[in-house]
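Peer 1: Using only what follows, build the 3D model:
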Amino acid sequence: MTLFIRMGLYFVFGNLAALGYLDFDQITGTVTIEVNNLAPTLIGVAGYAGTFIWSRIAKKRGGAT
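Peer 2: Here you go, the predicted model:
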């Protein structure tokens, strides 16, 4: 399971960097996150994670996903 989480985080942070939400300053070695523009993306990620978690709960209870 941790491998799937790690792969998911690679995907998420790669996309955040590509969309311009993350900025890496090479001189200081810091990462800056633009919070104002990040909110819609976080809502989408939370919705995706919520549906995934709910499907795992339903599957554990014997339901089909």
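
Peer 1: where exactly do the strands run in this structure?
Peer 2: Here the chain has its strands, by DSSP state E, at 22-25, 30-33.

Peer 1: Using CSV, lay out those together with mean pLDDT.
Peer 2: Compiled in CSV, the strands of the chain are given as follows (pLDDT from 0 to 100):
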stretch, mean pLDDT
strand 22-25, 83
strand 30-33, 86
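
Peer 1: Select, out of these, the one closest to L42.
Peer 2: Of all the strands of the chain, strand 30-33 sits nearest to L42, with 10.5 Å by CB to CB. C-beta coordinates here come from the backbone N, C-alpha and C atoms, glycine included.

Peer 1: How about residues contacting the closest one?
Peer 2: Y21, L22, D23, F24, D25 (CB atoms under 8 Å, 6 or more residues apart in numbering).

Peer 1: buried ones in stretch 54-63?
Peer 2: Using 16 or more other CB atoms under 10 Å as the burial criterion, none of the residues of stretch 54-63 qualify.

Peer 1: give me phi/psi at E34?
Peer 2: Dihedral pair for E34: phi -80, psi 100, per degrees, to the nearest 10.

Peer 1: try I27
Peer 2: According to degrees, to the nearest 10, I27 has phi -70, psi -50.
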